[in-house]
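Novice: got a structure for you, letters missing:
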């Protein structure tokens, strides 16, 4: 078996076609069958070097029980291959199907050549190209999902060993995990073969600070971005005004600056014509109800090389002026080893859109809460549609603009937390702001709606809390103009709060 060499690797398409033009100009004698394979499938008859190793969940007894279970806390080793090779194809499917929690808490990791820190560490659905933990068909060149089958064709080389695992970090058992991994085997790889990497990050935007998608050091090239985004409040796409800013090899100012988020992802006008998937770019979620976007771009024809370091930032809003937007990203790139250690995965991996219940019920706070004006009551919500946690809410009535409601909120230890509130909207509900230990947090909350409905999770961003009791204050500021004619229009309903790191 011969080693894989650069000469035997397939040439990039543009260079390949340029060589064909030169050969054609040299005359018919130069254009033999090997140099002119006649189309993208035309060289399949040429002998291939190396062999093929497959790792799968096939029933080892020869029966039809071709699956593995992964209980909470367990790690399943998919492949532990010895020798040089390249992962060329990777397919999985999972049951229970379409589980957001499984998609975000089942973590894919890849270790090349005995490294202790993985080169790939990403929630399973995000790794295969779908944000928000969703299951949705799309087609692109290196990644796709079809009918619950998830496919990856990123080539992943290694010289001595490849170890691929999935860990169930959530609370939902994976009843059935099916997989196939195909590895082309070789005696050796070219000296300049680079290792494949994929890194997940999750952050809430802050005023004046961009979102960092990747920061690494070494030699390599950047090949792809998956980005999912959702405003913490409201339904808008204003965050898409943010430009990409890419720093290569220690640049103090970005050498690459874009014109807008959807422009970087090869689209335009906030993806106005809707969802699509193409070989190198696409938007697989455009959710007007919640202002959500999931989008990808693969730098296959235009990889971004770096010799020493690479940093990819993206703005939110025109000038980092849209705080509270939830960003989840996957960066895909190749580079030398060793690579810098990845940031730790966040404690709360579920997307904001899937956080449906508070951990602190609003009605349980009534005895320790106080209002400067008005009255506090517990309102049973069962007569509505049952979407309120615990079936009830803390109800503040008869408040006026400038009135304040003080609520206790317990934190297990001192630190920075994501603060999420759950409230009620209706025609006679007011506009308020929130303060955490005296510091304003998040955007204003407008309680107006045409009918009585829960707000769902409302993020107030990262707040600093002390261990024990903290003071959360809601300050009434006014009411929506549409509230005219519906009583005083200053009611506030609190379903509860959630804290997470």
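Specialist: Noted; the coordinates are in hand. Since the structure is predicted, the reported quantities are computational estimates derived from the model, not experimental observations.
Novice: Return the distance of stretch 46-56 from the chain's centre.
Specialist: Here stretch 46-56 is found 33 Å from its chain centre; the criterion is CA atoms, centre = their mean, to the nearest Å.
Novice: Between the two ends of it, what distance do you get?
Specialist: End-to-end distance of stretch 46-56 (CA to CA, to the nearest Å): 28 Å.
Novice: Now do the buried residues in that stretch.
Specialist: Neighbour counts using 16 or more other CB atoms under 10 Å place 50, 53, 55 of stretch 46-56 among the buried residues. All C-beta atoms are positioned from the backbone trio N, CA, C, and that covers glycine.
Novice: Make JSON lines out of those residues and add distance to residue 472, secondary structure and pLDDT.
Specialist: Shown next, in JSON lines, are the buried residues of stretch 46-56 (distance: CB to CB, whole Å; DSSP: H, G, I helix; E, B strand; the rest coil; pLDDT from 0 to 100):
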{"residue": "50", "distance to residue 472": "62", "secondary structure": "coil", "pLDDT": "89"}
{"residue": "53", "distance to residue 472": "57", "secondary structure": "strand", "pLDDT": "97"}
{"residue": "55", "distance to residue 472": "51", "secondary structure": "strand", "pLDDT": "97"}
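Novice: which residues touch the residue nearest to residue 158 when sequence neighbours are not counted?
Specialist: Closest residue in space to residue 158, ignoring its immediate chain neighbours: residue 112 at 4.4 Å, by CB to CB, 6 or more residues apart in numbering. In this structure, residue 112 makes contact with 119, 156, 157, 158, 159, 161, 162, 195, 196, 337, judged by CB atoms under 8 Å, 6 or more residues apart in numbering.
Novice: Mind checking which of the residues you listed are buried?
Specialist: Buried among the contacts of residue 112 (16+ other CB under 10 Å): 119, 156, 157, 158, 159, 161, 162, 195, 196.
Novice: Can you verify my assumption that the third one contacts residue 196?
Specialist: Yes. In terms of CB atoms under 8 Å, residue 157 counts as a neighbour of residue 196; the distance is 7.0 Å.
Novice: Find residues that contact each of the two.
Specialist: 87, 112.
Novice: Let me see the contact set for the nearest residue to residue 370 once chain neighbours are set aside.
Specialist: Spatial nearest neighbour of residue 370, chain neighbours left out: residue 406 (5.3 Å); criterion: CB to CB, 6+ apart. Going by CB under 8 Å, 6+ apart, residue 406 touches 369, 370, 371, 471, 472, 473.
Novice: ok, those vs residue 95, which is closest?
Specialist: Lowest distance from residue 95 to the contacts of residue 406 (CB to CB) belongs to residue 472, with 40.9 Å.
Novice: Now do the SS call for the closest one.
Specialist: strand (DSSP: H, G, I helix; E, B strand; the rest coil).
Novice: Ends of stretch 113-129, what's the gap?
Specialist: End residues of stretch 113-129 are separated by 26 Å (CA to CA).
Novice: any idea which element the residue nearest to the spatial centre of the chain lies in?
Specialist: Taking CA atoms, centre = their mean, the centroid of the chain lies closest to residue 328, which sits 3.2 Å from it. According to DSSP states H and E, residue 328 maps onto strand 326-335.
Novice: what about this protein, any weak spots by pLDDT?
Specialist: 1-39 (pLDDT under 70).
Novice: follow-up on the earlier one: ok so the residue nearest to residue 370 is a helix residue?
Specialist: No. The assignment for residue 406 (three-state DSSP) gives strand, which keeps it out of a helix.
Novice: Tell me how far it lies from residue 45.
Specialist: Distance of residue 406 to residue 45, computed by CB to CB, to the nearest Å: 77 Å.
Novice: Highest neighbour count among the contacts of residue 406?
Specialist: residue 472 (24 neighbours; other CB atoms under 10 Å).
Novice: That one contacts residue 435, doesn't it?
Specialist: Yes. Counting by CB under 8 Å, residue 472 does reach residue 435; the two are 7.3 Å apart.
Novice: I'd guessed residue 197 sits against residue 119; true?
Specialist: Yes. Assessed by CB under 8 Å, residue 197 is found in contact with residue 119 at 4.7 Å.
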